[in-house]
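In: Sequence and predicted structure, then a few things I'm wondering about:
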Amino acid sequence: MKWIKMSLKTTVEAEDLVSCTLAELGVEGIEIEDKVPLTEEEKARMFIDILPDLGEDDGEAVVSFYLDPDIDVEAKLSEINEALDELREFTDIGEASIQVSETEDKDWINNWKEFFKPFRVDDRIWIKPTWEKMPDTHSNDLVIEIDPGTAFGTGSHETTRLCILNMKERMKKGDSVLDVGCGSGILSILAKKIGSGYTIGVDVDENAVKISQENAEVNQLPARSDMTEPENYSGTWEQNPEVIDFITGNLIESRELREKVGLERYDLVVANILADIIIPLSAVIGECMKKEAVFISSGIIKEKEGAVTKALCANGFQIVDVTRMGDWVSIVCIKK
């Protein structure tokens with residue numbers, strides 16, 4: 001089938017904020033085009049030696065995304081323009097004009113795989129796509145294999161890298177871990193590989209839960225989910241520290257789900273989602289955490305750091321660290 005392609009002209013400075021806003025509106029398959037030179041690290045990750053001449057960086061960017069033609073495209077466009085008007089009130093997003101076109105019927109969802117290569121997160125952790133061969137590694141390297149499919153979480157985005165580095169620093173062996181918005185399952189898998197106790201990932205997206213279980217099994221980690229074994233999750237289930245659980249649901253809206261997952265149960269909670277979700281999550285997630293438990297939040301665009309910090313402090317959390325990478329922020333706090 002053909003897809004509706006929308007190309008939004010903005011600025012390099014605002015491209016992440018615009019992309020984040022589109023994601024909050026449920027838009028998937030976002031592409032960013034600009035003339036910002038790649039860093040040496042980025043070129044190494046993409047196995048690129050010679051780049052085409054893109055010209056001088058002019059500060060402009062194009063954020064493109066694809067819509068199913070069966071949806072109400074005019075209504076979605078109106079929703080997007082309304083959100084862009086709100087952004088204009090506090091930052092320069094450029095002209096923000098949107099060009100609409102129809103794409104060829106091609107597998108654009110999978111085209112990005114050509115550029116997803118194995119890469120190091122730090123001096124020990126490797127992220128490897130399931131379809132790629134692994135470069136030479138050292139005996140103490142920790143390799144996580146991932147096929148994110150249409151779920152969020154390749155490990156290459158700044159938000160996920162911030163979570164990985166903070167988890168490595170803050171998590172203790174045997175800690176019980178709750179991964180909110182588990183996406184591809186990458187953070188649940190990391191937790192188990194560095195020694196967590198009982199670990200569970202939760203996502204509102206059924207597809208993400210299914211992909212998370214598959215990725216855990218690719219990494220030789222026992223896993224189960226309510227997508228493959230719904231009978232095991234109809235009531236309170238046995239929480240086996242040897243098995244990663246992945247379940248579907250909304251922890252913000254469902255007190256019943258929070259009770260099932262476990263109240264005052266977790267030593268560490270990680271949420272790599274978006275600021276506008278972390279803010280309401282901060283009001284309820286403490287119910288699932290032990291006293292002095294660690295909450296690592298990421299996916300926070302820098303313009304919303306203040307709002308997230310205010311919400312966390314208002315809901316009984318003490319900020320202990322703030323780390324940044326590019327335009328993104330991760331906040332580490334303790335439940336008091």
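Out: Sure, I can see it.

In: For residue 65, list each beta-bridge partner.
Out: residue 6 (DSSP bridges).

In: That one against residue 31, yeah?
Out: Yes: under the criterion of C-beta atoms under 8 Å, residue 65 makes contact with residue 31 at 7.2 Å. C-beta coordinates here come from the backbone N, C-alpha and C atoms, glycine included.

In: Pick out whichever of these two has more residues nearby.
Out: residue 65 (21 against 15; other C-beta atoms under 10 Å).

In: ok, now how distant is the more buried one from residue 80?
Out: Between residue 65 and residue 80 the computed distance is 9 Å (C-beta to C-beta, to the nearest Å).

In: okay, and the common contacts of those two?
Out: 6, 8, 22, 27 (C-beta atoms under 8 Å, 6 or more residues apart in numbering).

In: Including neighbour count and pLDDT, could these go into TSV?
Out: Listed next are the shared contacts of residue 65 and residue 80 as TSV, based on neighbours: other C-beta atoms under 10 Å; pLDDT from 0 to 100:
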residue	neighbour count	pLDDT
6	20	89
8	24	94
22	20	87
27	18	82
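
In: now, which of those residues lie within helices?
Out: Assigned to helices by DSSP state H, the following of the shared contacts of residue 65 and residue 80 qualify: residue 22.

In: Could you list the buried residues of the longest strand along the chain?
Out: Under DSSP state E, the strand in the chain containing the largest number of residues is strand 289-301. Neighbour-count burial for strand 289-301, counted by 16 or more other C-beta atoms under 10 Å, picks out 289-290, 293-301.

In: Then stretch 223-234?
Out: 223-227, 233.

In: Please render the residues you listed as JSON lines that adds pLDDT to the earlier fields.
Out: What follows is the buried residues of stretch 223-234, written out as JSON lines (pLDDT from 0 to 100):
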{"residue": "223", "pLDDT": "95"}
{"residue": "224", "pLDDT": "93"}
{"residue": "225", "pLDDT": "92"}
{"residue": "226", "pLDDT": "88"}
{"residue": "227", "pLDDT": "80"}
{"residue": "233", "pLDDT": "78"}
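
In: count of neighbours near residue 161?
Out: So residue 161, with other C-beta under 10 Å, has 23 neighbours.

In: Wait, it touches residue 326, no?
Out: No: between residue 161 and residue 326 there is no contact under C-beta under 8 Å: 9.8 Å.

In: what does stretch 82-94 rub up against?
Out: 8-11, 13-14, 17-18, 21-22, 24-25, 60-61, 96, 303.
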